[in-house]
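J.: Generate coordinates for the sequence data below:
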Amino acid sequence: MPTTATAKEEHQKRWQEIVADPLLSDLPYKTETNHRGQIVLSPCRFSHSQLQRAIQKKLNAITAGGEVFPKCPITGKGVRQADVTWASESRVGEMEGASDPSTVAPEICTEVMCGPGGWDEMEEK
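T.: Numbers count the residues shown, from 1 in each chain. Just a heads-up that it's a prediction; the model follows:
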């Protein structure tokens, strides 16, 4: 995929194709795309979900004037789904106006580290 401004549009178009594909709708994995638009599947364990929930609870407790979102898709070098995000009310408005998936990221994006990717995968995200 190109790395120009149109690359984000291409990633968004590819993401819409993936979301609309009935064969992919019930996969038990976190689904993302890489910079080439290829599907990347990440199987999750229950412990991963427990940590996501703990982060959601903590963000709800310490933040105000915004919203917490699980698995928020964000367009960048592909489409990544941050495990848990927080966005202010004004940022939510920006995100809603920036296509789907959004090209505007929430102010807080968190990832639960699991699996073989480790720190290399975290730095890429």
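
J.: can you pull the buried residues of the one helix or strand residue 56 maps to?
T.: If you go by DSSP states H and E, residue 56 is part of helix 46-62. Buried residues in helix 46-62, counted by 16 or more other Cβ atoms under 10 Å: 48, 51, 52, 55, 56, 59. Backbone N, C-alpha and C define where each C-beta goes, glycine included.

J.: So the fifth one is in contact with residue 72, correct?
T.: Right, the one you point to is residue 56. No: Residue 56 is beyond contact range of residue 72, at 11.5 Å (criterion: Cβ atoms under 8 Å).

J.: can you pull out the helices in this protein?
T.: For the chain, the helices defined by DSSP state H cover 5-20, 46-62, 89-96, 118-124.

J.: For those helices, could you give me TSV that also reports distance to residue 78?
T.: Converted to TSV, the helices of the chain look like this (distance: least, Cβ to Cβ, whole Å):
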stretch	distance to residue 78
helix 5-20	6
helix 46-62	20
helix 89-96	18
helix 118-124	10
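
J.: and these, which one's lowest on average pLDDT?
T.: Note on those: helix 118-124 shows the lowest mean pLDDT, a mean of 70.

J.: Just give me the residue closest to the centre of this structure.
T.: Geometric centre of the chain, nearest residue: residue 81, 1.6 Å, by Cα atoms, centre = their mean.

J.: Name the nearest residue to that one, ignoring sequence neighbours.
T.: Spatially, and ignoring its direct neighbours in sequence, residue 81 is nearest to residue 71 (4.7 Å; Cβ to Cβ, 6 or more residues apart in numbering).

J.: Contacts only, for the one you found.
T.: Residues in contact with residue 71 (Cβ atoms under 8 Å, 6 or more residues apart in numbering) are 30, 81, 82, 83.

J.: Residue 33 reaches residue 10, doesn't it?
T.: No: judged on Cβ under 8 Å, residue 33 makes no contact with residue 10 at a distance of 10.2 Å.

J.: Report the set of residues contacting both of those two.
T.: What both residue 33 and residue 10 touch, as defined by Cβ under 8 Å, 6+ apart, is an empty set.
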